[in-house]
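Participant: Okay, here's the prediction I keep looking at, along with the sequence it came from:
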Amino acid sequence: MLKVNKIEVHYGGVPALHEVSFEVGKGELVAIVGANGAGKTTTLKTVVGALSPVSGSIEFEGVDITEKNTAEVVRLGITYVPEGRLIFGPLTVEENLLLGAFTTSTKEEIEERMDYVHHLFPILKERYKQRGGTLSGGEQQMLAIGRALMSSPKLLMLDEPSLGLMPTLVTEVLEVVARLKEKGNTILLVEQNVREALELADRGYVLETGRVVLEGEGKDLSRDPHIKKAYLGL
Amino acid sequence: MFSKTRSLLVVGFLVCAVTLIGVAPLAQAGSPKEIKIGVLFPLSGGLASTGALIRQGAELAADIVNDKWPNLDIPMAKWEGIPSLGGAKIKLIVMDHRSDPARGADLAKRLIEDEKVVGIMGCYNSSVTKSVSTVCERYGVPMINSNSTSPLLTRRGYNWFWRTTPDNITFTVDLFKFLEGLVEGKVRGVGKIPREELDDLAIAGEETEYGTTGAELLKEMAPEYGCRVVKYILYAHESPDLTSESQAMQAANPDCVLFIPYVSDVILYMRTFRSLRFSPHIIWGQDAGTVQPDFARVLGKDANGVITRTVFIPEVAIKVKPIAAQINNVYKERTGEDLSGTSARAFTGIQAWAYVLDKAGSTEPKAIQKACNEIYISPDDIIMLWGGINFGSTTPDEKGQNVLGMGMIGQWQWKDGKNVLEAVYPFDYATADMIYPFPEWE
Amino acid sequence: MALAAEITASGILMGSIFALVALGLTLIFGVMNVVNFAHGEFLMIGMYSAFLISTFLSIEPLVSLPFVAVVGFLLGIITYYLLIRYLLRGPMIAQLFGTFGLMLFLRYLVMFILGPNPRVLHQGVLIGKSVSLSWFTFDISKLAAAGFSILLFVLVSWMIERTKLGRALRATSIDAEAAGYMGIDTEKMNALAWGIGGATAGIAGGLLANFYYITPTVGMLFIMIAFATVALGGFGSIRGAFIAGLIVGLIMMVAGYYLSQIKLAFVYLAYFLVVVLRPRGLFGW
Amino acid sequence: MVGKMKAVVGVLKDTFSFNDLPLSERIAFAAFLVFVFFFPWIVHTSYPRVVMIRFLLFAMYGLGWNLIGGYGGQVDLGQAKNVGFGAFATALMITWWGVPFWITVPVGITVAVVESFAVAYPMFRLRGHYFAIATLCVALVWQKLFLFWDWTGGARGVELPIKSAPNFTYMQFGTIGYHYFIFALFMAEFLFMNWFRKSKMSYELQAVRDNEDAAASLGINVTWTKVKTYLITAAMGAVGGSFYAVYHLYIDPRCVMQLDLSILIAMTAMVGGAGSIWGPILGAAILIPLDMYLGALLGGMGFYGIDFIIYALIIMVIAAREPRGIWGIIERARRRGYVLRG
Amino acid sequence: MFLEVKNLYKEFGGVVANAGVSFGLEKGEIVGLIGPNGAGKTTLFNCIAGYYKPTSGKVFFKDKDITGWPAHRTARSGIGRTFQIIRMMERLTVEENVMVGAFCRINDRERARRDAQEILELVNLEEQANAHPTELPIATQKRIELARALAIEPELLTLDEIAAGLNPLETIQIIDTLRRIHKEKNLTLLLTEHVMQFIMRISERIIVMAAGRKIAEGSPQEVARKEAVIKAYLGEKYAKGK
């Protein structure tokens, strides 16, 4: 479904990614793990069109999206939930969700999606008229994911959804991810909780200083000795 | 070691910058047959249109001096250059001081030292005239001022500053004499007006050097002529709205409204007066704003009945001064408009320069200074109704003022779809019946 | 009593006109935190377009308003794509100077093309007509401008607060990056904000042309008032701009009546005092 | 006692030493100084000399503004008021009482500093555009008041009595004399800035500019740091104003306290690159000659505003292409060198 | 008591963030502060460091009442801090960032530079001394914040989520660094964190907050067993996993 082929990305003249290639199949949950500064967020931002690669190509459902801007990529069905959530604080929960459906035009579809999100996260229904900024961290993460789902994405990219959340919420958010996968969503996940992420994922890629150094089945990776040593400190 | 790019950039920039400053204007070795006069006026900002008028007037005068104009019965039209200097042509070097005294002073230095002008004419804004005349005084270069009317300018004891136009004192006296004339029934087409109908004055001056001194003068002199100032306003320069100022005047219920404005303000005042249906008996303007063709053109019928002090009225020129009428025609051919007080004064300023140079017979500053102090230009030679030009002095503290100057008062009258400036004062020169009182708004 | 009523009435009248002038400024600021020094020149170009369109096509100035709005809209969009887009990458100060340069450029470009002489509209249903009440004479053209001001404010607030487009604009203003991830083309939103800002400035100019003189430098008379108005109301707040406009109008009228020379000083002082108490203006967030 | 001596020596060393700068910059600057010093003897025409004086004056204004605006990151658009205070203190005291110039300078500085102190605390509650507009408003209020009051001469302005030059009591000279006069003032301010940029205060100020909370966590009194800087900037503006008064010998509130002056001062620093010691000098070296020559060469040609159009285009291009100013280009080149090597 | 918080209340326009928090720290302790998002931990930190003024209650540091002191004054009296959201001086180099901290104590530029270099070595950042912080990864920036806070030579260091976004290995590294610094500089540490591997391993004592109140206190093992803590914060899975 998503095919990233040898992309090279520079940040202000400094190379950040070297020939990174990976694939995400339909219905798969793929995890990207790596140390801080390895280029995970850069990868996701490049896919969504916020950064453009110097070389290499990105293909989504057979369409070349390498040169497309964010708005066009989102329209094609890729939605990105950025690190740090980026909720529109002064807007209400409802408005945040409606903005998620910006690329959807029919009323029925929006209502349908809204029901789905409310079903998934009942807390958002309770907070419907509250300002996004007044929600707690966990609720904001729910809102960010819910907002992304409003566009009924074909590919959902989550960047560190558990960042800064307390343990109960980390568990809860990862459960949500698992549930979304069960429902057939295609997900690309970047997580710092390496073990949990790899156990959840169908496949995983390991990024180190801008290169893919390892790839494989999620469960296999989580038992890989290099991973254990370099990321789990075991 | 330091990187090459960096050092190249640093050195490159400093060198560029420094050479840019160092670029000396190529001091043109002016032909001996050319005499440069520096002309400084506002040609940008809010006064750009005024500067344009001055420029046109000054350039016409220079052209008349330089070329042969067989159809003009004015001596200098036959000159083809300054006679006593071997027919040397006058070259005007016009610069824009942007109404900024500092820039005016800097440009004056450029004109004096780099362009080697024999003298300077300018500067309209009284404040810039002050700073430029200071430079001229320091350098010992003559400056003839044609368009600034602040009385202070000729009361500073400067040895290198002369002014052709009458100052605001003359004009203010004219106004009160005119008002007395109305009471006495001397004004053409108007019977005797009771004094009570004319003695309450509202004064509105723009808060600039020119407006402030003009307004203060009016206020000081009013009691001498038995008038009362019922409202005295100095209004903010660059004000986006003048409604409340107009309301304040209306509330004081004056007989005469006296403006000392630049052109844009007085347009706004007139429009506001109309919307307030405020029509005093007399609306008078101290030249600058009300005398300009723009004022009449822009306001159209609304200007009908506005009185303005001026020094030049085409209608009078046609009737009593044939040469003035001829020059007015030449000017009109060039620009499509009659000469106005503003452009006629600039014309006269350059003319005075030409006569002074002719009399001096030299471009030495001292000779010019001497010529200026002794010059007498006969009334027949100039387009104004003045008694000529002579920089004597009427009072001991005054120096360099043309003592033969005279003011006029004109009235805009709406005739056949356009505004005509008709003379109403001096009474002998009246060209039409005065419209009195100022017509009620429709 | 009558005097108080008269001053208040003209204060409110002029105040809503100042608010109208400030509307585009606050809109542009709200969406992308850029203070547009050239706003007064947008207004001036609006006035000239109204003048030129209604003079040369000999149509009623009011009828020319839609055309003027289009001119303003295009001006805003062009400005955005040719200049502002690049300025947004720099710090606030570069933005100030970029638009300051634009101000000089537009002002003198118009002077270069059309000359420095002032102009005035002579023909039109609103021009020179008044309604007299016992205590006050209303200039119809000002009344109409005030009416349009209220109308435009309602329209723009509705658009910003109730429509999908408005929501997208607000999202862009809060966090352009996040808005991008929603599939909103933030470049287009910014351009649109400039377009709408330009259009409102154009309409304001078209209405002002009915009672104001038109010169290339006329923008400079309004820009400081507009700044003070927008900042007083709180940058980006539409409601704030309207209320602040009324306040500025009233201050100008009262101060103008008694102490005309320093009436603007009172306006600036009012801004200073208000922000000292409320550092983000009356309605800023 | 010894400690004090050491401290003084340290300050002097910091003031006069440029050892921390790359050799290229030192050479360029030395060349610049030599050039400026001999300028009146290289160029014998008057206007370039006048432009040079104006350049040095604005470089000086820019250096002062650079403290609060560049190192402090506070966009102050009201520097003209301080210029005005200095100019009026000097002009009024000389015309009224014949006070020598050098006594009027501290008075001007005092007025500017006291006024700035009075408005600084409320002002620094404001951020970003609110601050910029507030500085602009305060400066305009003062301008209106100076126009309104009679004792300041109002709109009529103040004309200083002309003395026979050269006169060291009232500082009146010919163009060359003024050149060295302003050059000395410029150098004094430049050396002060050279000391400042290495001082503890400079680091603190930059910390405040970049992040106030972080700065406070490191024991920096954020508001006081800003206020202090604001006062120094005010003092520097006042010195420039005093020079203006004795140089032009005529001032009025419209020419020394106008908005355009505030903006031009800030613009010199911005165009050159705010927050570096060279920025304001580069900026003034570009803007002032540009403005002056465009005005003089094209201003009177009869094409209204053509000089402004070109000038405005150049400003726009610089703001759009190089938002960090000319110095930004150099710094970027330097950083790229660093990154590639490091 | 080295640091004592007494019955601290903090309200924001009617919303209570801290509702009567009391606790104390002894010199040299390492204390963890945990609790759900929105429990008021960061608010508490801000009240101690002087960024907020408590609505009521007192804060004593070294037996001095420092309640309501502005931030720069608490810093000078010996309380250093890092921020949850990284706050770098981005136009200064890494070394200069740390030097600014050193200037808190000393006026001499060269000494400040030497101090900064020493501290950068301590946190293994000497290589990056001349880089600009924003060019570096988040984990490195967190270390710069730590170095900067150390430069003021605090006696009490409060660290707000210093391990957030770090992977397990990086977490272990920072624990080592902190332990070393704690020993060498004789510091007292107060930390908040959601990463349990971190907080449980480093803390000698843990304070648990929820809804603006302290709900538990004790050794890591004790706290992890408490029903209330598990319910409000750790979750069943974590309890089982232990």
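Facilitator: That came through fine.
Participant: nearest residue to B:Ala296 other than its sequence neighbours?
Facilitator: B:Asn419 (3.7 Å; Cβ to Cβ, 6 or more residues apart in numbering or on different chains). Yep, even glycine has a C-beta here, placed from its N, CA and C like the rest.
Participant: Give the burial count for D:Ala216, as a bare number.
Facilitator: 25 (other Cβ atoms under 10 Å in any protein chain shown).
Participant: And the pLDDT for it?
Facilitator: For D:Ala216, the model assigns a pLDDT of 95.
Participant: So for B:Val187, what's the pLDDT?
Facilitator: Taking B:Val187 on its own, its pLDDT is 92.
Participant: before we move on, what about B:Val23?
Facilitator: Reading off the model, B:Val23 has pLDDT 49.
Participant: How about D:Gly337?
Facilitator: pLDDT, read off for D:Gly337, is 62.
Participant: quick one: contacts for C:Ala94?
Facilitator: By Cβ atoms under 8 Å, 6 or more residues apart in numbering or on different chains, the contact list for C:Ala94 reads C:87, D:270, D:319, D:323-324.
Participant: What strand or helix carries B:Ala423?
Facilitator: strand B:418-425 (DSSP states H and E).
Participant: May I have the residues that are in contact with the residue nearest to B:Ala296?
Facilitator: Taking Cβ under 8 Å, 6+ apart, one finds B:296-297, B:299-300, B:303-304, B:412-413 in contact with B:Asn419.
Participant: Kindly report the same for B:Asn168.
Facilitator: Here B:Asn168 is in contact with B:149-151, B:213-214, B:217, B:286 (criterion: Cβ under 8 Å, 6+ apart).
Participant: Swap in 6 Å and give it another go.
Facilitator: Shown in contact with B:Asn168 (Cβ atoms under 6 Å, 6 or more residues apart in numbering or on different chains): B:149, B:151, B:214, B:217.
Participant: which of those residues tops the neighbour count?
Facilitator: Busiest of the contacts of B:Asn168 [other Cβ under 10 Å] is B:Gly214, holding 29 neighbours.
Participant: what are the phi and psi values for the spatially closest residue to it that is not a sequence neighbour?
Facilitator: Take B:Gly214 and drop its neighbours on the chain: the residue closest to it by Cβ to Cβ, 6+ apart is B:Ile260, 3.6 Å away. When read as degrees, to the nearest 10, the backbone of B:Ile260 gives phi -130, psi 80.
Participant: if I look at B:Ile260, how far off is B:Ser150?
Facilitator: 11 Å (Cβ to Cβ, to the nearest Å).
Participant: Specify which residue of those two has the higher count of neighbours.
Facilitator: B:Ile260 (32 against 25).
Participant: in the sheet, who's paired with that one?
Facilitator: Beta-bridge pairing for B:Ile260 (DSSP bridges): B:Gly205.
Participant: what's near enough to touch it?
Facilitator: Applying Cβ under 6 Å, 6+ apart, the residues near B:Ile260 are B:205, B:211, B:214-215, B:286.
Participant: just the helices in the stretch 201-350 of chain B please.
Facilitator: All helices of the stretch 201-350 of chain B, identified by DSSP state H, counting those that start in this stretch, fall at B:209-221, B:243-252, B:263-276, B:293-299, B:314-320, B:322-335, B:341-360.
Participant: Any idea how many residues pack against the residue in chain E that chain B sits nearest to?
Facilitator: Using Cβ to the nearest Cβ, E:Asn130 is the residue of chain E that sits closest to chain B, at 14.5 Å. Residues near E:Asn130, counting by other Cβ under 10 Å, number 11.
Participant: hmm, back to that, list the buried residues for the strand holding B:Ala423?
Facilitator: For strand B:418-425, burial by neighbour count (16 or more other Cβ atoms under 10 Å in any protein chain shown) applies to B:419-425.
Participant: Sticking with the residue lying closest to D:Val158 once chain neighbours are set aside, tell me its helix or strand.
Facilitator: Excluding its sequence neighbours, the residue lying closest to D:Val158 (Cβ to Cβ, 6+ apart) is D:Ala91, at 4.3 Å. Element membership for D:Ala91 (DSSP H and E) is helix D:79-97.
Participant: pull the CA atoms of that helix into CSV?
Facilitator: Presented in CSV, the C-alpha positions along helix D:79-97 are these (Å, rounded to 0.1, in the frame of the first residue of the first chain):
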residue,chain,number,x,y,z
GLN,D,79,13.7,55.1,19.6
ALA,D,80,12.9,58.5,18.0
LYS,D,81,11.5,59.8,21.3
ASN,D,82,15.0,59.4,22.9
VAL,D,83,16.6,61.1,20.0
GLY,D,84,14.1,63.9,20.5
PHE,D,85,14.9,64.1,24.2
GLY,D,86,18.5,64.5,23.5
ALA,D,87,18.0,66.9,20.7
PHE,D,88,15.6,69.1,22.7
ALA,D,89,17.7,69.1,25.9
THR,D,90,20.7,70.3,23.9
ALA,D,91,18.9,72.7,21.7
LEU,D,92,16.8,74.3,24.4
MET,D,93,19.6,74.6,26.9
ILE,D,94,21.9,76.2,24.4
THR,D,95,19.3,78.6,23.1
TRP,D,96,17.9,79.6,26.5
TRP,D,97,21.0,79.7,28.7
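Participant: After it, which helix or strand is next? Please name it.
Facilitator: Heading C-terminal from helix D:79-97 (DSSP H and E), you reach helix D:101-123.
Participant: Mind checking what helix or strand follows that following helix in sequence?
Facilitator: helix D:128-148.
Participant: just checking, what packs against that following helix?
Facilitator: helix C:263-277, helix D:79-97, helix D:253-256 (3 or more Cβ pairs under 6 Å, 6 or more residues apart in numbering or on different chains; DSSP states H and E).
Participant: repeat that with 10 Å
Facilitator: helix C:92-114, helix C:219-233, helix C:263-277, helix D:79-97, helix D:101-123, helix D:253-256, helix D:259-272 (3 or more Cβ pairs under 10 Å, 6 or more residues apart in numbering or on different chains; DSSP states H and E).
Participant: Can you give me the buried ones in that helix?
Facilitator: Quick answer for helix D:128-148 (16+ other Cβ under 10 Å): D:129-148.
Participant: Pull up the pairing partners for whichever helix or strand comes after it, direction included.
Facilitator: Toward the C-terminus, helix D:128-148 is succeeded by strand D:158-159 as the next helix or strand (DSSP H and E). Within its sheet, and counting by DSSP bridges, strand D:158-159 is paired with strand D:250-251 (antiparallel).
Participant: what about A:Val170, which SS state?
Facilitator: Classification of A:Val170 by DSSP: H, G, I helix; E, B strand; the rest coil places it in helix.
Participant: just so I have it, where are all the helices in chain E?
Facilitator: In chain E, the helices defined using DSSP state H lie at E:41-49, E:71-77, E:94-102, E:109-122, E:138-151, E:168-185, E:196-202, E:220-225, E:227-229, E:235-241.
Participant: what angle separates the helix holding D:Ala91 from helix D:101-123?
Facilitator: Using axes from the mean of the first three to the mean of the last three Cα atoms, to 10 degrees, the inter-axis angle of helix D:79-97 relative to helix D:101-123 is 140 degrees.
Participant: which parts of helix D:79-97 are buried?
Facilitator: Quick answer for helix D:79-97 (16+ other Cβ under 10 Å): D:79-94.
Participant: end to end, how far does stretch B:199-213 reach?
Facilitator: 21 Å (Cα to Cα, to the nearest Å).
Participant: now it, how far from the chain's geometric center?
Facilitator: Mean C-alpha position of stretch B:199-213 versus that of the full chain (Cα atoms, centre = their mean, to the nearest Å) differs by 17 Å.
Participant: Stretch A:90-100 too?
Facilitator: Distance, centroid of stretch A:90-100 to centroid of chain: 19 Å (Cα atoms, centre = their mean).
Participant: if I look at the residue sitting nearest the centre point of chain B, how far off is B:Asp106?
Facilitator: Geometric centre of chain B, nearest residue: B:Asn147, 3.0 Å, by Cα atoms, centre = their mean. Separation of B:Asn147 from B:Asp106 (Cβ to Cβ): 20 Å.
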